[in-house]
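Colleague: Quick one, what's the 3D model for this:
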Amino acid sequence: MEFKEQEHYEKDVMVEVFRKMIKNLNIMGFEKENHEALAFTLRDSHRTLQANFWRMIQEVAKDYATLGTDARNEKAVEFAKEINKINIYIPFI
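Modeller: The predicted structure follows:
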């Protein structure tokens, strides 16, 4: 996957943020707390940023749906494929 390079965009920062998020998802027993933290943060953000988040999830699902699977991620990849069937345009407003 190629990243767009932009002057004001700090790819390394975002990669590190997402790696930390994924690392925290690996701490078993905190699923509810993780869901609540993400939901709170999303609800607490600007509505344009909320839409940006969901637009990003759409794009991630497109990429993720192409992955190979085994028993650990099979249902997650199926879920991504189902999300891709939903054709909703989320405008940048």
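Colleague: What's the separation between the nearest residue to I93 once chain neighbours are set aside and V60?
Modeller: Using C-beta to C-beta, 6 or more residues apart in numbering and skipping residues adjacent in sequence, the residue nearest I93 is T48, 6.2 Å away. All C-beta atoms are positioned from the backbone trio N, CA, C, and that covers glycine. Counting by C-beta to C-beta, to the nearest Å, the separation of T48 from V60 is 19 Å.
Colleague: hang on, the earlier thing: flag every buried residue along the host helix or strand of the residue nearest to I93.
Modeller: Secondary-structure element containing T48, defined by DSSP states H and E: helix 47-64. Using 16 or more other C-beta atoms under 10 Å as the test for burial, helix 47-64 gives A61, Y64.
Colleague: Then stretch 80-93?
Modeller: Judged by neighbour count (16+ other C-beta under 10 Å), stretch 80-93 contains these buried residues: A80, I83.
Colleague: how long is it from one end to the other?
Modeller: Stretch 80-93 stretches 25 Å from its first residue to its last (C-alpha to C-alpha, to the nearest Å).
Colleague: List of residues touching that stretch?
Modeller: Identification of contacts with stretch 80-93 by C-beta atoms under 8 Å, 6 or more residues apart in numbering yields T48, A51, N52, W54, R55, I57, Q58, V60, A61, K62, Y64, A65.
Colleague: any chance of these in TSV, plus distance to E74 and pLDDT?
Modeller: Conversion of these to TSV gives the following (distance: C-beta to C-beta, whole Å; pLDDT from 0 to 100):
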residue	distance to E74	pLDDT
T48	35	97
A51	30	98
N52	29	97
W54	24	97
R55	26	96
I57	20	96
Q58	21	96
V60	17	97
A61	15	97
K62	18	97
Y64	12	97
A65	12	97
